[in-house]
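**Student:** all I have is the shape, not the residue letters:
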């Protein structure tokens, strides 16, 4: 297996990429706290909430925070690391036993102020939002995605963390994987000779978008961890289970509601279906978009030829001038004239971090009243009703405007148990035109409507090409007696994706050991893998005694 290398060696050959990366959000994801990295006001500034006063100051060339500690008493804590850089910066404080904690009063880099990440919650030392509690622990909650080559290294017998990393921030190998073999290949003078992925386990720039998107999804998704040994280039569901479009993470129509990042939204988009990948819009090293304002979108969506990478299907693009009042009906350069204003409206995460919905949907204010969902129009026109917005859209775009039935209406009907929901969910789950994450969500909701129709749908989706669908189909068949399940599910004991294999094993685990026939060898191996997964989960969660972390997919693989 390839080993991590000192990333200063990467810049010897990849100087341009290294320069783009310097100063990026990945580069500044975590830094040692010093005068160049700390952005907050530590000039004896104060912040008060719930009768508790926090003071930010400097002493002995270090940055300190005087605040309520785990015992409820005020004390001085040195800032060890900065965490993030824009639009907010948090600070990591060190407690005993190797614990690093993310302080919950953060610095607003735009408005230059201290603010509370949980403004509506009381956060005394016994409350979960308090900075000393497990939910704010860097070692187990944050570190995997803010550092490279992390080893949590928690000793349950002593309660001590000895967490290490290969690189403090999100470096080259966080995305490309360990570079030991790549470096050896380059230094052997073989760079002119082709080699599989140039010594890496996979090619992150391959035309097939799935490998790159799943690499980004490891951190840019709401997901549950099912195995700690992540391997670059392997299916995401070998180690992580992404959330479906469930509450409280998503509104009924799939728009972002909770802190879900971008992956689940992108999977809903037509652009993803056409082959678009993250780096088509974002320069992967600087992370900046590849065009300013509407120029990013109009490079493809324009009245001439689209400037799309080979591998993206642009055959369905309508050639017209989208960057004009004739399309968006707003004054040029004002709010509402930007593509993202209407097609990727933002939602605040961590109070002030505006994250754009990457489903790139057409605004449907006509659905908001019935479904209880937001719409882009009323994000800006928040004093107006959704009906007002719907009337404006009808006036602008006329009777031929987009107002067809949407999958959001079906998912809402399934959530709220409307008449006819089961039939609609069954149809949606089998629709090849619907995004896979939508179809998998429909399967999950269909479990609430047991019957022959639902069973037929689950059977039909057991061997589809997408592991998320296979996983959901296995879960749907759990209503059958285990003996009837065996013939249907046993072939999935050899599924190439770990999450599906483990789900199949759990589904058949209560069968007598000698009843699997030809499948017994696979079942025996599957039970061993499941036991390993459970042990891995116990190790990973042993620092949370007496707690159960919520599974964002509502689809637990192992019982913790």
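**Tutor:** Looks like it came in fine. All figures in this text were calculated on a predicted structure; none of them were measured in a lab.

**Student:** ranges for the strands of the stretch 351-500 of the chain?
**Tutor:** All strands of the stretch 351-500 of the chain, identified by DSSP state E, counting those that start in this stretch, fall at 353-356.

**Student:** so, low pLDDT: which residues of it?
**Tutor:** Along the stretch 351-500 of the chain, the model assigns pLDDT under 70 to residues 402.

**Student:** what do you get for the chain?
**Tutor:** Within the chain, the stretches with pLDDT under 70 are 190-195, 402, 539-560.

**Student:** domain map for it?
**Tutor:** 28-161, 246-362, 407-541 (automatic domain parsing).

**Student:** now the last one, how far from the chain's geometric center?
**Tutor:** Per C-alpha atoms, centre = their mean, to the nearest Å, the displacement of domain 407-541 from the mean C-alpha position of its chain is 22 Å.

**Student:** what do you get for the second one?
**Tutor:** Taking the mean of its C-alpha atoms, domain 246-362 sits 17 Å from the chain's own mean (C-alpha atoms, centre = their mean).

**Student:** check stretch 398-414 too.
**Tutor:** So, by C-alpha atoms, centre = their mean, the centroid of stretch 398-414 is 26 Å from its chain's centroid.

**Student:** one step back: quick one: closest of the domains of the chain to residue 199.
**Tutor:** Among the domains of the chain, domain 28-161 comes nearest to residue 199, with 17.0 Å by C-beta to C-beta. In this view, the C-beta of every residue, glycine as well, is placed from N, C-alpha and C.

**Student:** measure the closest one end to end?
**Tutor:** End-to-end distance for domain 28-161: 24 Å, by C-alpha to C-alpha, to the nearest Å.

**Student:** tell me where the stretch 151-300 of the chain has strands.
**Tutor:** According to DSSP E, counting those that start in this stretch, the strands that the stretch 151-300 of the chain contains are 154-155, 160-161, 223-225, 240-242.

**Student:** including mean neighbour count and distance to residue 249, could the ones you listed go into CSV?
**Tutor:** What follows is the strands of the stretch 151-300 of the chain, written out as CSV (neighbours: other C-beta atoms under 10 Å; distance: least, C-beta to C-beta, whole Å):
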stretch, mean neighbour count, distance to residue 249
strand 154-155, 18, 27
strand 160-161, 18, 29
strand 223-225, 20, 10
strand 240-242, 24, 10
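
**Student:** residue 144: which of these is closest?
**Tutor:** Minimum separation from residue 144 across the strands of the stretch 151-300 of the chain (C-beta to C-beta) falls at strand 223-225, 8.1 Å.

**Student:** tally of neighbours for residue 77?
**Tutor:** For residue 77, the count of nearby residues is 20 (other C-beta atoms under 10 Å).

**Student:** swap that for residue 532, please
**Tutor:** There are 13 residues near residue 532, going by other C-beta under 10 Å.

**Student:** now the strand or helix carrying it: buried residues?
**Tutor:** According to DSSP states H and E, residue 532 maps onto helix 520-541. Buried residues in helix 520-541, defined by neighbour count with 16 or more other C-beta atoms under 10 Å: 522, 523, 526, 527, 529, 530, 533, 536, 537, 540, 541.

**Student:** need the max-distance pair from these.
**Tutor:** Spatial extent of the buried residues of helix 520-541 (C-beta to C-beta) is set by the pair 522 and 541 at 27.8 Å.

**Student:** reformat the strands of the stretch 151-300 of the chain as JSON lines; add distance to residue 272.
**Tutor:** Output for these, formatted as JSON lines (distance: least, C-beta to C-beta, whole Å):
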{"stretch": "strand 154-155", "distance to residue 272": "36"}
{"stretch": "strand 160-161", "distance to residue 272": "38"}
{"stretch": "strand 223-225", "distance to residue 272": "17"}
{"stretch": "strand 240-242", "distance to residue 272": "14"}
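
**Student:** and the ones you listed: which comes nearest residue 97?
**Tutor:** strand 160-161 (4.6 Å).

**Student:** can you list the strands that the closest one pairs with?
**Tutor:** In the sheet, strand 160-161 lines up against strand 154-155 (antiparallel) (DSSP bridges).

**Student:** quick check: closest non-adjacent residue to the residue nearest in space to the middle of the chain.
**Tutor:** By C-alpha atoms, centre = their mean, the chain has its centre lying nearest to residue 221, at 0.7 Å. Of all residues not flanking residue 221 in the chain, residue 263 sits nearest, at 3.5 Å (C-beta to C-beta, 6 or more residues apart in numbering).
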